[in-house]
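**Q** return atomic coordinates for the entry below.
(2 chains)
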Amino acid sequence: MTPGRRLAATVNGAELSLAGADPSTNALDWLRAQGLTGAKEGCAEGECGACAVMVARPDGGSGTEWTALNACLMPAAALDGQEVVTAEGLGTPERLHPVQREMAVRGGSQCGYCTPGFVCAMAAEYYRDGRTATRDDSAAAGHPHGHACGPNGFELEALSGNLCRCTGYRPIRDAAFALGEPVAYDPFANRRTGPPPAAAATRLEGPTGTYARPAHLGEALDLLAAHPDAVLVAGSTDWGVDVNLRGARAPFVIGIDRLPELRHLVVGDDVVEIGGALSLTEVARGLAGRVPLLDQLFPQFASRLIRNGATVGGNLGTASPIGDLPPALLALEASVVLAGPGGEREVALADYFTGYRRTLRRPDELVRAVRIPVPLSGTTAFHKITKRRFDDISSVAVAFALDVVDGVVRRARIGLGGVAATPIRAYATEAALEGQPWTVSAVRAAAEVLQGEGTPLDDHRASADYRSAVLGGALLRLHGESTVHPAAEAVADRGVQA
Amino acid sequence: MTALSDRPTDPIVGQAIPHESAALHVTGAALYTDDLTVRTHGILHAHPVQAPHAHARVTRLHTAPALEVPGVVRVLTAADVPGVNDAGVKQDEPLFPSEVMFFGHAVCWVLAETLESARLGALAVEVDYEPLPSIVTVREAIAAESFQGGRPTIARGDVDAAFAGAEHVFSGELDLAGQEHFYLETHCSLAHVDEGGQVFVQSSTQHPSETQEIVAHVLGLASHAVTVQCLRMGGGFGGKEMQPHGFAAIAALGAVLTGRPVRLRLTRSQDLTMTGKRHGFHVQWRATFDGSGAIRALDATLTSDGGWSLDLSEPVLARALCHVDNAYWIPNLRVNGRIALTHKTSQTAFRGFGGPQGMLVIEDVIGRCAPRLGIDAAELRRRNFYAEGQHTPYGQLVRHPERAVRCWEQVLTTGEVAARSAQIAAYNASHEHTKRALAVTPVKFGISFNFTAFNQAGALVHVYKDGSVLISHGGTEMGQGLHTKMLQVAATALGLPLALVRLAPTRTDKVPNTSATAASSGADLNGAAVRNACEQILGRLRAVASARLGVDDEDVLFEDGVVRAAGGDEQVAWAQLVSEAYHQRVQLWAAGFYRTEGLHWDSRTMHGSPFKYFSYGAAASEVEVDGFTGAYRLRRVDIVHDVGDSLSPLVDLGQVEGGFVQGAGWLTLEDLRWDESSTPARGRLATASASTYKLPSLSEMPEVFNVALLERAAEDGVVYGSKAVGEPPLMLAISVREALRQAAAAFGPSGTSVDLASPATPEAVFWAVRQARGGGQPPHTTPLVDGGVGLVPEQPDPAAPPLEPRSEQLVSGSGG
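**A** Residues are numbered from 1 along each chain as shown, chains lettered A, B, ... in the order given. Coordinates of the predicted model:
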């Protein structure tokens, strides 16, 4: 950072100093301390969205995307040089923003506590580039959640990270689906055509430690070498929870979210390389459907609010056995590119996880990228078993990537989450499938094997018996879905609805 | 004076207007208690020291190390309490306990300059515990005979005779789960000693008067020395009826002892681990039906999980017993109730207040028995509806039973239930791995507090010299739209446009001795009190106007801000009339009061007419279940609900929809898991965060959701003909659970009866599917017993104590 420049964020158009914030101060608490009490704390772990705000972020091109994020998870220091809009900045009681007006008149608020967060998440979707009105209901019908896309192109899933305990959501959905297009002089719409604020290199010293956001990879690796106990954060969607709920504090926090070396996405002839600091939303946008298995996964990965912050590198760095990405990347036979002081090395993801939240990554390394070999298998599916469809942690996750040629399984790769201390490959099931015909009886036999993979546990999410049972069922379901003609299924469905 | 239920023409009540704070909500301008923190100087933050045992004796509490932590100002302990060391109304909830009664129980509180300092100070406090044996589940409590409070019984007819030689006898058990309120705003209090020396507490409370009383008794002060204000709550749902008091008392005690404002806001995990929830119940039952499907007798024993203290467990249990009949005539009935004492949070009020648990019993019975009787479940329900002239088992005449029928028939028609049932049958015949089902269930819910004294309310209406109106009333706003309705009532009563009426935050120095805003009664009680105050003022103004207009009093009309004579041309503006009245020295404000007439209830015998009226509704829910995982979708819900003549249709619609989804969450998704192991974590809430305790999200909303308010439903004797709405719709969600049961059963042969665990999570449904396919008994359920004499529920010890008539009594009334 420039010496002498004070740390500050632009909030609702006004520059506010970040002086006095600690690295453990989250953006929500900081905003509220500035008197901007619209954003609320409902859970402090990115589950409820009451704290959601809009941040000006890159749109993948040269412009800006208003990106809704959980303020409770972001370090306040990470806002240095950023542009933030809260519910107060969108409109006032006398001059409501269109999103606010629809929410107010349709009964979208009852107690009102979750409302500012809903408004920010809804406004971000209102301004999403590519949200276009459609009269074609097939877009909605083809969506995994059926009813989840409005005639105005509003994806309901944009609100998947917001909880309301009062309304039952119907009026919120109606408000979202009633939104039109921004008017010509809408300042937030027009702001999108300019670039987002450049990522500021930052250093904030506070009572509990230091937050530093280096400008380049080399600087980040130097900091990591100097502070081997440093915590690496990007979206901070995991570390933020530890700080808020478990009182975790670190003497040194390194923000790697804006490192240019970690923010590329390359789709090559024999490999897809995804930068470690790209958010899942950015990855989904950048891949544009070119990795169908990931496309199935993304809507089921936490919530839009989380995906806007959470990164590929972070999901592999935390190495949770119930992380959503690893099973899919295992099935895709991905590898991890680790950058360290001596240069880079590439390790197969299947070898990367060494124990419960332990990996091959050394303390002086960071996840620079993930590589997925192409061509991809033809039959893929991601099954996430949860209590709730939006924003839940899986009891079991299964990712399939199969090559079925002339009715025979030529190649099978299966990644599993939630059945062991690490994400694992289902090697025995893969072997049981390969070379076998893609028939019910062969699939049944392989399902028996799949059911026995891993060592699932009993916990508050699910019983071990259930985890095993649904594992086997997942393969049967995949077989059923891949053999029944989808159109016939859809016709049957419409017949019943008629 | 007109009758309470009469409406003028073109009233403001009945208009579908948004929530009065909607514009503030959506812009973040609406203030909640904790939002005042940044506006308050010199504030201290409070943090608890939570015990890591389900049950233990505190053998040493050493607070000095906390004071070494920079920023820590004081540690509050029992020794600091000048008054009574108790946070409840029954002297069984020590504010600073010497015996830890649940995992997470706060043994002391640290005050510091910052929340971080307070947190670190709490970590520094040294506490030694002597662990004691603990009881965590209801079944453990039953085995250990660990009970608390009264053990009421509702009985009618000759149950034993009805079972002797009965045609069809079924029996079983049901374990139904509790529920966390998960109001988005956690508990919060902010206290200071004001410039007049008064203790002023801002609190997120549904019961400001009781919060005031408990703060006063903890501080050893009279009630007039304590004022409680509630700006608004970020949700309450019953969870802020009793639970805020102790937190308010901690904040107030800290403020008095330090002379500085004290803020206490629970984190989500603290809220989940320290505050009460909906009671889970264990139920033993047997029932008999005749050949036509008529229920002949029900014999049941309900044991609620009360947690560590009585709290509101007795009245919750009483309401559960009063709702076991739901909408059904049961000629012979014996329902016993008892309250388990377990080492858990003290379970408390939650939307429905025992009614949902009671109703779930009979709906579970019908849902399980219908396939065995060979009668469609919806048909079996309909055949057993109350008819005109019949009484509930506790002796209250069921007025307007035809409204239940009207709701039911309308929902069958508008929900196209017959046609869809045929489509579902066709779908199921052609789909091996997914099945659909549609279930219809009714609701009949009694409105009024069982505790008769609570059925009173006050209001204060000021008309200022410029004609503007300020109203205060005793109810609190938690999102249910009470303030919106009160503004509409006042504008209607005074014949004014809504813009002339403003509402002040709820404060105990404006309206004293209020009841909890609970039991769905907020609008009934406070609306009548507001109307009463307005009519007093109008009576005085009428005299002024009649003299000016030269007509009789009864010919003066107040409409839309204009006062005129009936049939005449002469008129005077409201503000002008008010000004003239002031100059004539006419009193322009009034205190209103209301008490519900005609209620009587004997809780010792569990007999009487405790309810002013019943609310009715019916819901038809269609689900689709995936046989591979038990995952399901709520495809369509149709509801017809009786809110009388609605005071505020947009508000009421929101209550019906929101209540339904909240009920569906309770029955399907929300999963409280307590550590039942014998490890040191025993008694710990395993789902103590938003990431582990899952509420319904947008993905759980019914894909098609049609709600209609019953037409031609004006209720006599209630303000402007309306009815209460807060709680009854929650129980319409039982239709979702029954639809899941039926869909699971559809994986098996026709006539399959399925035992479904509660909550019906995807996993629970998966095991029910497996049972239907012949794969054995689902875990966490007990098999239905068909025939014989059945499993006779445990009957109470004749020496067991009855409920006390004052089981809901206030602390002040019982002598403190």
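**Q** from here on, contacts and neighbour counts on C-alpha atoms
**A** Fine.
**Q** next, count neighbours for residue 325.
**A** With no chain named, the answer covers chain A. Residue crowding around A:Leu325 was assessed by other CA atoms under 10 Å in any protein chain shown; the count is 23.
**Q** meant chain B, my bad for not saying
**A** Other residues lying near B:Asp325 total 24 when counted by other CA under 10 Å.
**Q** contacting residues for it?
**A** B:Gly358, B:Met359, B:Ile362, B:Thr392, B:Pro393 (CA atoms under 8 Å, 6 or more residues apart in numbering or on different chains).
**Q** element containing whatever residue of the stretch 651-800 of chain B ends up closest to chain A?
**A** The stretch 651-800 of chain B approaches chain A most closely through B:Gly658 (4.1 Å), counting by CA to the nearest CA. In this structure, B:Gly658 sits in helix B:649-664 according to DSSP states H and E.
**Q** in helices only, show me the contacts of B:Asp325.
**A** B:Gly358, B:Met359, B:Ile362 (DSSP state H).
**Q** any idea how far B:His282 is from the second one?
**A** Which is B:Met359. Note on B:Met359: its distance to B:His282, by CA to CA, to the nearest Å, is 13 Å.
**Q** so for those two, which sits in the more crowded spot?
**A** Neighbours of B:Met359 and B:His282, each counted by other CA under 10 Å, are more numerous for B:Met359; the result is 25 against 22.
**Q** my read is that the more buried one contacts B:Tyr328, right?
**A** No. When contacts are counted by CA atoms under 8 Å, B:Met359 is not listed as touching B:Tyr328 (10.2 Å).
**Q** for A:Val55, which non-adjacent residue is spatially closest?
**A** A:Val84 (4.6 Å; CA to CA, 6 or more residues apart in numbering or on different chains).
**Q** that neighbour in helix, strand or coil?
**A** What DSSP: H, G, I helix; E, B strand; the rest coil gives for A:Val84 is strand.
**Q** what is the burial count for it?
**A** A count of nearby residues for A:Val84, using other CA under 10 Å, gives 24.
**Q** just B:Pro315 next, same as before
**A** Residues near B:Pro315, counting by other CA under 10 Å, number 25.
**Q** surely it is within a strand?
**A** No. B:Pro315 is assigned helix when assessed by three-state DSSP, not a strand.
**Q** quick one: it from A:Thr439, how far?
**A** Distance of B:Pro315 to A:Thr439, computed by CA to CA: 60 Å.
**Q** contacts only, for A:Leu305.
**A** Neighbouring residues of A:Leu305 by CA under 8 Å, 6+ apart: A:Gly46, A:Gly49, A:Ala52, A:Ala68, A:Leu69, A:Asn70, A:Ala121, A:Ala158, A:Leu159, A:Ser160, A:Gly161.
**Q** please, which helix or strand holds A:Val337?
**A** Using DSSP H and E, A:Val337 falls in strand A:335-340.
**Q** packing partners for that strand?
**A** Other helices and strands packing on strand A:335-340, by 3 or more CA pairs under 8 Å, 6 or more residues apart in numbering or on different chains; DSSP states H and E, are strand A:343-348, helix A:349-352, strand A:366-373.
**Q** show me what contacts B:Pro401?
**A** For B:Pro401, the contact set (CA under 8 Å, 6+ apart) comprises B:Phe385, B:Tyr386, B:Ala387, B:Glu388.
**Q** again but with B:Leu650, I slipped
**A** By CA under 8 Å, 6+ apart, B:Leu650 lies in contact with A:Gly107, B:Ala16, B:Ile17, B:Pro18.
**Q** A:Val347: which of those is nearest?
**A** Within the contacts of B:Leu650, the smallest distance to A:Val347 is 52.9 Å, found for A:Gly107 (CA to CA).
**Q** return the distance of that closest one relative to A:Asp174.
**A** From A:Gly107 to A:Asp174 the distance is 10 Å (CA to CA).
**Q** okay, these two: which has more neighbours?
**A** A:Gly107 (24 against 16).
**Q** which SS class is the more buried one?
**A** At A:Gly107, secondary structure determined by three-state DSSP is coil.
**Q** right, and it touches A:Arg170 too?
**A** No. With contact defined as CA under 8 Å, A:Gly107 does not count as touching A:Arg170 (9.3 Å).
**Q** please save the CA atoms from stretch B:443-453 in CSV.
**A** What follows is stretch B:443-453, C-alpha atoms only, in CSV (Å, rounded to 0.1, in the frame of the first residue of the first chain):
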residue,chain,number,x,y,z
VAL,B,443,-57.5,-27.2,12.4
LYS,B,444,-59.7,-26.1,15.2
PHE,B,445,-57.8,-23.9,17.7
GLY,B,446,-59.1,-22.2,20.8
ILE,B,447,-58.5,-18.5,21.2
SER,B,448,-57.8,-16.9,24.6
PHE,B,449,-55.3,-17.5,27.4
ASN,B,450,-56.4,-20.5,29.4
PHE,B,451,-55.3,-18.4,32.4
THR,B,452,-58.3,-16.2,32.5
ALA,B,453,-56.7,-13.1,34.2
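**Q** contacts for it?
**A** Contacts to stretch B:443-453, defined as CA under 8 Å, 6+ apart, come from residues B:315, B:319, B:323, B:326-327, B:355, B:404, B:455, B:519-521, B:599-601, B:610-618, B:724, B:728-729, B:731-732, B:805-809.
**Q** what about 6 Å?
**A** Residues outside stretch B:443-453 that contact it (CA atoms under 6 Å, 6 or more residues apart in numbering or on different chains): B:Asn326, B:Ala327, B:Pro610, B:Phe611, B:Lys612, B:Tyr613, B:Phe614, B:Ser615, B:Tyr616, B:Gly617, B:Pro728.
**Q** in the stretch 101-250 of chain A, which residue sits nearest chain B?
**A** Proximity of the stretch 101-250 of chain A to chain B (CA to the nearest CA) peaks at A:Cys111, 3.4 Å away.
**Q** and that residue, what does it touch?
**A** B:Gly234, B:Gly235, B:Met478, B:Gly479.
**Q** could you list which of those also contact chain A?
**A** Contacts with chain A within the contacts of A:Cys111, counted by CA under 6 Å from any CA of the partner chain: B:Gly234, B:Gly235, B:Met478, B:Gly479.
**Q** could I get those as CSV with neighbour count, distance to B:Gly307 and secondary structure?
**A** Shown next, in CSV, are those (neighbours: other CA atoms under 10 Å in any protein chain shown; distance: CA to CA, whole Å; DSSP: H, G, I helix; E, B strand; the rest coil):
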residue, neighbour count, distance to B:Gly307, secondary structure
B:Gly234, 26, 25, coil
B:Gly235, 30, 23, coil
B:Met478, 28, 25, coil
B:Gly479, 27, 28, coil
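**Q** which one of those is nearest to chain A?
**A** Out of those, the member with the shortest distance to chain A (by CA to the nearest CA) is B:Gly479, at 3.4 Å.
**Q** can you tell me the SS state at the residue nearest to that closest one when sequence neighbours are not counted?
**A** Nearest residue to B:Gly479 in three dimensions, chain neighbours excluded: A:Cys111, at 3.4 Å (CA to CA, 6+ apart). Under three-state DSSP, A:Cys111 falls in the coil class.
**Q** in the stretch 501-650 of chain B, what residue is nearest chain A?
**A** Counting by CA to the nearest CA, the stretch 501-650 of chain B gets nearest to chain A through B:Phe628 (5.1 Å).
**Q** quick one: contacts for that residue?
**A** A:Gly473.
**Q** any idea how far it is from A:Pro423?
**A** 22 Å.
**Q** walk me through which strands the helix or strand that contains B:Val443 pairs with, and which way each runs.
**A** B:Val443 belongs to strand B:434-447 when elements are defined using DSSP H and E. Strands adjacent to strand B:434-447 in the sheet, as given by DSSP bridges, are strand B:613-626 (antiparallel).
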